[in-house]
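Asker: Here's my sequence, what's the structure:
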Amino acid sequence: MKKTALFFAISSIVSTPLFAQDSINPYADEKTGFYLGLGAGAASYDDAYANEKDVYDEHSIPSTVNGYKSLKYTKRDGLVKIFGGYRINKYFALEANYTKFADTESDLDINWLNIGRNTRSVDNEISGYGLKAVGIYPVSKNIELNASFGLMKWQIEEDITETDTIFGTTHTSEKVKGTSKVFGLGASYNLTNNVAFGLDWERINDLGDKDKLAFGETDVDTFTLSAKYTF
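Answerer: Below you'll find the model as predicted:
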């Protein structure tokens, strides 16, 4: 009887920390764990600089005046992303990330050769912090598909330099912050139990401010190739 009581006492002492560890995440499995990753890719700006396009369209060159006008602006450029998260089980993860977009720009040039010239240069720095939920579907041991939904807290810094034949050169700047919904699809290849490579597409809705920024407001599509390490 004493041996039986001693056996149960020792068993309870050993099993208690194990149970406590598992109870932290009742959905834990072989895929559970924290991870960190780094990605690089491209961002496509569908309707960026719509305000500059309006200015370009509104300023016509009269047929009686020699001149020209041009508008060049960023349609696609690069990005880098740092991300980390916790995979709750093989089907679900929570992730935080930081994205730094390559600087975008617009150059508007309206030249009336018989009258004068106006040039306008816009430079934008864009970055954002995000938090998202990730649903995962393991196709095989090495290949997984994913779908995600979350929010991005972004910031756009804008600098405008405008030169006019009559009024000279002026500089203005603006900083605007906002929050956008983000959803995406992707796939990853597990090279080992700890190392994986991924390819993801994400859509950022309504990035920017059409009332405060020459950059305007646009949906942004991002395409990212990444490497991830799971602890």
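Asker: Could you use CA atoms for every contact and neighbour count after this?
Answerer: Fine.
Asker: So, low pLDDT: which residues of the protein?
Answerer: 1-28, 63-64 (pLDDT under 70).
Asker: How are the helices of it distributed by residue range?
Answerer: Remark: helices assigned in the chain by DSSP state H are 2-23, 50-58.
Asker: Please identify the buried residues of the last one?
Answerer: By neighbour count on 16 or more other C-alpha atoms under 10 Å, the buried set for helix 50-58 is 50, 51, 52, 53, 56.
Asker: Can you name the residues that contact the fourth one?
Answerer: Think residue 53. Taking C-alpha atoms under 8 Å, 6 or more residues apart in numbering, we find residue 53 in contact with residue 71.
Asker: and if we set it to 10 Å?
Answerer: Contacts for residue 53 (C-alpha atoms under 10 Å, 6 or more residues apart in numbering) come out as 47, 71, 72, 73, 106, 108, 214.
Asker: OK, contacts around residue 29?
Answerer: 22, 87, 88, 89, 90.
Asker: can we see that at 6 Å?
Answerer: residue 89 (C-alpha atoms under 6 Å, 6 or more residues apart in numbering).
Asker: how close does the closest residue to residue 146 other than its chain neighbours get to residue 43?
Answerer: Counting by C-alpha to C-alpha, 6 or more residues apart in numbering, residue 146 lies nearest to residue 136, which is 4.4 Å off, once chain neighbours are set aside. Look at residue 136 and residue 43: by C-alpha to C-alpha, to the nearest Å, they are 24 Å apart.
Asker: What segments of this protein are strands?
Answerer: Under the criterion DSSP state E, the chain contains strands at 33-45, 67-73, 76-89, 92-101, 104-112, 116-138, 143-164, 168-190, 195-209, 216-230.
Asker: could you dump those strands to JSON lines with distance to residue 60?
Answerer: Formatted as JSON lines, the strands of the chain follow (distance: least, C-alpha to C-alpha, whole Å):
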{"stretch": "strand 33-45", "distance to residue 60": "26"}
{"stretch": "strand 67-73", "distance to residue 60": "8"}
{"stretch": "strand 76-89", "distance to residue 60": "27"}
{"stretch": "strand 92-101", "distance to residue 60": "34"}
{"stretch": "strand 104-112", "distance to residue 60": "9"}
{"stretch": "strand 116-138", "distance to residue 60": "13"}
{"stretch": "strand 143-164", "distance to residue 60": "17"}
{"stretch": "strand 168-190", "distance to residue 60": "21"}
{"stretch": "strand 195-209", "distance to residue 60": "26"}
{"stretch": "strand 216-230", "distance to residue 60": "22"}
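Asker: on that earlier part again, between the buried residues of helix 50-58, which is nearest residue 223?
Answerer: residue 50 (22.7 Å; C-alpha to C-alpha).
Asker: tell me the contacts of the residue nearest to that closest one when sequence neighbours are not counted?
Answerer: Counting by C-alpha to C-alpha, 6+ apart, the nearest residue to residue 50 once its immediate chain neighbours are dropped is residue 216, at 5.9 Å. Under the criterion of C-alpha under 6 Å, 6+ apart, the neighbours of residue 216 are 48, 49, 50, 208, 209, 210.
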